[in-house]
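Participant: Take a look and give me a structure for this.
(one chain, ligands or ions: 1)
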Amino acid sequence: MSRPVVEAVGLTKRYGASTVVDGVNLAVDEGEIVGLLGPNGAGKTTTILMLIGLTEPSAGSVRVLDLDPLRDPLAVKTQVGYLPDSVGFYDGMTGLENLRYTARLGGIDVSEIDDRIMTALQQVHLDHVANKRVGTYSRGMRQRLGLAELAMRQIRLAVLDEPTSGLDPRSTDELLDLIRAFAADGMTLLISSHMLDVVQSICTRVALFNKGKIGFMGSVEKFTNDVAGGSFQIDVAARKIDLSACVDIIPAVGAVDHRDKEHWMVSATHDVRPELARMITEHGGDLLSLQAHRASLSEAYNRFFLDIEQKEMQQ
Ligand SMILES: Nc1ncnc2c1ncn2[C@@H]1O[C@H](COP(=O)(O)OP(=O)(O)OP(=O)(O)O)[C@@H](O)[C@H]1O
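Facilitator: Numbers count the residues shown, from 1 in each chain. Below is the predicted model:
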């Protein structure tokens, strides 16, 4: 099996007396899309800067594409791309000219440049505006041009910071489809974002940062199971029964929340509507309605940080 694309062990960054990244362990495989989540100041950006060799760790080790970003900065730089939330291009130059400029800066063989650029522009559906000035591009088109630049450079690890911020729903979907296609082609992506619905729809795993540490690392499904008592939420309306007992009767049920007189929210590891319906009838209750939905990352995220706050207040 090949080594992970990103491997960080005990990664730590101190500024004076404050430790802003505190013993982070991270392993990301090729083709994964990993979401870096957490409140402002949790240490995501500092971790990214250490991964791509832009700041030196105070302790711990990093390997990216089997290279040490501090010892081999050039080799890392040619294979790792960073896309900020608002990509900076020259407005007065066309999309094609902007990419030619970056290609030359990146040392791409002149004979290959135009072929690579046209392939990349086709990939992100911008080939028809290649000769238009970037100043006339919409925000979504600029972000797609940013992705084209990564494709043109044949980047193996991309770090995206809030890639969909300020995009309308349709441009967001277009961008997410392109990101998925890049990952399917073998690009590995780290996405730092506060937009949890976007992260949920695209990331294979998430890393939750809290005060410089990773408090959870895994799939969204595992996170919602671990934190919210189950990745399925079933809204139950029933009469003549107390559903609190279902947590002891149905093994997949992790939590039951009595919302009001005839209303419960049941969290479970799978869709337990059939088991709930059976239980209600067997106990002589009247079933009024059952509605299931997947627990959202945002619900689990809020619960995760609320639990931390409550624990801190009790200490
Ligand atoms: N150069 C620096 N000198 C001192 N402190 C710093 C420096 N850079 C970052 N910090 C501090 O490190 C902590 C972590 O910051 P970081 O930018 O990594 O957080 P973040 O999780 O990326 O936040 P955000 O979601 O706002 O981008 C913050 O408290 C920040 O003030």
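
Participant: all contacts plus neighbour counts: C-alpha atoms, from now on.
Facilitator: Noted.

Participant: now the helices: where do they sit in the stretch 51-200 of the chain?
Facilitator: 73-79, 95-105, 110-123, 139-152, 169-184, 196-202 (DSSP state H, counting those that start in this stretch).

Participant: Deepest in the core, which of those helices is it.
Facilitator: helix 139-152 (a mean of 24; mean count of other Cα atoms under 10 Å).

Participant: Show me what that helix is packed against.
Facilitator: Judged by 3 or more Cα pairs under 8 Å, 6 or more residues apart in numbering; DSSP states H and E, helix 139-152 is in contact with strand 80-83, helix 95-105, helix 110-123, helix 169-184.

Participant: now do 7 Å
Facilitator: Applying 3 or more Cα pairs under 7 Å, 6 or more residues apart in numbering; DSSP states H and E, we find helix 139-152 packed against helix 110-123.

Participant: and the helix it packs on, what's its mean pLDDT?
Facilitator: Average pLDDT, helix 110-123: 93.

Participant: Also compute the angle for it relative to helix 139-152, please.
Facilitator: Orientation note: helix 110-123 sits at an angle of 140 degrees relative to helix 139-152 (axes from the mean of the first three to the mean of the last three Cα atoms, to 10 degrees).

Participant: got the CA coordinates for helix 110-123 in PDB?
Facilitator: C-alpha atoms of helix 110-123 as PDB (Å, rounded to 0.1, in the frame of the first residue of the first chain):
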ATOM      1  CA  VAL A 110       7.100  26.000 -23.000                       C
ATOM      2  CA  SER A 111       6.200  23.400 -25.700                       C
ATOM      3  CA  GLU A 112       3.600  21.900 -23.300                       C
ATOM      4  CA  ILE A 113       2.100  25.100 -21.900                       C
ATOM      5  CA  ASP A 114      -0.800  25.800 -24.300                       C
ATOM      6  CA  ASP A 115      -1.900  22.200 -24.500                       C
ATOM      7  CA  ARG A 116      -2.000  21.900 -20.800                       C
ATOM      8  CA  ILE A 117      -3.900  25.200 -20.400                       C
ATOM      9  CA  MET A 118      -6.500  24.300 -23.000                       C
ATOM     10  CA  THR A 119      -7.100  20.900 -21.400                       C
ATOM     11  CA  ALA A 120      -7.400  22.500 -18.000                       C
ATOM     12  CA  LEU A 121      -9.800  25.200 -19.300                       C
ATOM     13  CA  GLN A 122     -12.000  22.500 -20.900                       C
ATOM     14  CA  GLN A 123     -12.000  20.600 -17.700                       C
END
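
Participant: Quick check: which helices or strands does that helix pack against?
Facilitator: Short answer (3+ Cα pairs under 7 Å, 6+ apart): helix 110-123 packs on helix 95-105, helix 139-152.

Participant: at 10 Å instead, please
Facilitator: Identification of packing neighbours for helix 110-123 by 3 or more Cα pairs under 10 Å, 6 or more residues apart in numbering; DSSP states H and E yields helix 95-105, helix 139-152, helix 169-184.

Participant: mind putting the ones you listed in CSV, distance to the ligand and mean pLDDT included?
Facilitator: As requested, the helices and strands packed on helix 110-123 are exported to CSV (distance: least, Cα to the nearest ligand atom, whole Å; pLDDT from 0 to 100):
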stretch, distance to the ligand, mean pLDDT
helix 95-105, 26, 94
helix 139-152, 19, 95
helix 169-184, 20, 94
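
Participant: Near the ligand, which residues of the chain are found?
Facilitator: 15, 20, 39-46 (Cα under 6 Å from any ligand atom).

Participant: For ChimeraX, write a command that selects the buried ones of those residues.
Facilitator: In ChimeraX, a selection of the buried entries from the residues of the chain next to the ligand looks like this (16 or more other Cα atoms under 10 Å):
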select :20,42,43,44,46
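
Participant: out of the residues of the chain next to the ligand, what pair is the most spread apart?
Facilitator: 15 and 39 (19.0 Å; Cα to Cα).

Participant: any low-confidence regions in the chain?
Facilitator: 1, 229-230 (pLDDT under 70).

Participant: Please identify the helix or strand for the spatially most central residue of it.
Facilitator: In the chain, the residue lying closest to the centroid (Cα atoms, centre = their mean) is residue 35, at 2.2 Å. According to DSSP states H and E, residue 35 maps onto strand 33-37.

Participant: Which secondary structure elements does that strand sit against?
Facilitator: helix 44-51, strand 157-161, helix 169-184, strand 188-192, helix 196-202, strand 205-210, strand 213-218.

Participant: and with 7 Å instead?
Facilitator: strand 188-192, strand 205-210.

Participant: domain parsing for the chain?
Facilitator: According to automatic domain parsing, the chain comprises the domains 6-218, 224-314.

Participant: Need the winner for burial among those domains.
Facilitator: domain 6-218 (a mean of 19).

Participant: Pull the residues that contact stretch 14-25.
Facilitator: With Cα atoms under 7 Å, 6 or more residues apart in numbering as the test, stretch 14-25 has contacts from 8-13, 43, 47, 58, 211-214.

Participant: how about a cut-off of 6 Å?
Facilitator: For stretch 14-25, the surrounding residues in contact (Cα atoms under 6 Å, 6 or more residues apart in numbering) are 8-13, 43, 212-213.
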